[in-house]
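Participant: Kindly generate the corresponding structure for this input.
(one chain, ligands or ions: 1)
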Amino acid sequence: MFTSRLIGSCRAVLAALIVPVALPASEHGASSAARTSSAAVVSEADQTAMSPAEALIRLQAGNARFLSGKRLERDWPAQVHETAHGQHPFASIASCMDSRTAVEQVFDLGLGDVFSIRLAGNVIDDDVLGSLEYAHKVAGAKLIIVLGHSHCGAMKGAADDVVLGNLTSLVARVKPAVVGVPVDGSPRTSKNMKFVDDVGRHVILAVRLIRERSPVLRQLHDRGAIDIIGGFYDIETGKVEFYRPLPGASPVALAKPAAPATAATVAQAAPAQPAFSH
Ligand SMILES: [Zn+2]
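Facilitator: Next up is the predicted model:
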């Protein structure tokens, strides 16, 4: 009972560290959500007109369709033809390589909808940052999602300090998230799946890291051209929850809940100005 109280306490502490992004009521199920997400490919005009908040709604709606089994019908050969000479993705998603978390399926996406970057543990390194800078500064995408997931093998490896070839340096990148999970007396190893999943929510640290290490993306974020948020995919339910980081918190010592950015803060987003064609 003592252990369960501690776990419950830890859960409450962690819940205070992140701010879930609510799904707009109008976007549940297949109502306006289905109409928001068209099976047509994203045109340049679509991308230019879309705000970061609208890009998030589009992903939320896609996940709702995925959950309901009511995926959009797509004419794949037509999408190949329509995207042959250009792409105008509305978002980029940095997610884990886990075979159960393919974002195109989880968010019911078509060709050309998003840039997808997949590395074990959804780590953010210099090459990922460069890819994101292309996606948003050059190609004009509006929303960055760092998507973690439950029962992640990379989080387990980081919790257990796995040493194995090049994997050693990869799991080391996840270590700050391990350190950042509040101590509550429960086991801090891969045997404690609750702990593993708490580590998985290190996406909120990755969001902060993107801002800290990429002046290009930070500038776009500061002027509202893009938004950067975290997501967490539950492999047992198929549902994605979104989180905002805590402004000003240490990457390994989150302390205070943050006020979520409102739609108003991103509604005035201006399209990114491509530096060269793509
Ligand atoms: Zn994973």
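Participant: Using the three-state scheme, assign Glu241.
Facilitator: strand (DSSP: H, G, I helix; E, B strand; the rest coil).
Participant: for stretch 228-242, what is the average pLDDT?
Facilitator: On average, the pLDDT along stretch 228-242 is 95.
Participant: distance between it and the chain's centre?
Facilitator: Offset of stretch 228-242 from its chain centre (Cα atoms, centre = their mean, to the nearest Å): 8 Å.
Participant: Can you see whether that stretch contacts the ion, counting any residue in it?
Facilitator: No. Using Cβ under 5 Å from the ion, stretch 228-242 stays clear of the ion, coming no nearer than 9.1 Å. Just so you know, the C-beta spots here come from the backbone N, C-alpha and C atoms, and that holds for glycine as well.
Participant: That stretch: end-to-end distance?
Facilitator: Terminal residues of stretch 228-242 are spaced 11 Å apart (Cα to Cα, to the nearest Å).
Participant: before we move on, what about stretch 189-197?
Facilitator: 11 Å.
Participant: Near the spatially closest residue to Ala177 that is not a sequence neighbour, how many other residues are there?
Facilitator: Of all residues not flanking Ala177 in the chain, His202 sits nearest, at 2.7 Å (Cβ to Cβ, 6 or more residues apart in numbering). Counted with other Cβ atoms under 10 Å, the neighbours of His202 add up to 32.
Participant: Let me know whether Val123 touches Val174 as I believe.
Facilitator: Yes. Contact status for Val123 versus Val174: in contact at 6.5 Å, counting by Cβ atoms under 8 Å.
Participant: Overlap in contacts, the two.
Facilitator: With contacts defined as Cβ atoms under 8 Å, 6 or more residues apart in numbering, the residues adjacent to both Val123 and Val174 are Ala154.
Participant: more neighbours, the two?
Facilitator: More neighbours surround Val174 than the other of Val123 and Val174, with 25 against 22 (other Cβ under 10 Å).
Participant: Just the local confidence number for the closest residue to that one other than its chain neighbours, please.
Facilitator: Of all residues not flanking Val174 in the chain, Ala158 sits nearest, at 3.7 Å (Cβ to Cβ, 6+ apart). Ala158 carries a pLDDT value of 93.
Participant: Val181 too?
Facilitator: With respect to pLDDT, Val181 has a value of 88.
Participant: which phi and psi does it have?
Facilitator: Dihedral angles of Val181 (phi, psi; degrees, to the nearest 10) stand at phi -70, psi 120.
Participant: Now it. Nearest residue, chain neighbours left out?
Facilitator: Excluding the flanking residues, the one nearest Val181 by Cβ to Cβ, 6+ apart is Asp198, at 4.6 Å.
Participant: which secondary structure element contains that neighbour?
Facilitator: Here Asp198 sits within helix 193-200, counting by DSSP states H and E.
Participant: Would you mind pulling up the elements that that helix packs against?
Facilitator: Using 3 or more Cβ pairs under 8 Å, 6 or more residues apart in numbering; DSSP states H and E, the elements in contact with helix 193-200 are helix 2-17, helix 153-159, helix 167-180.
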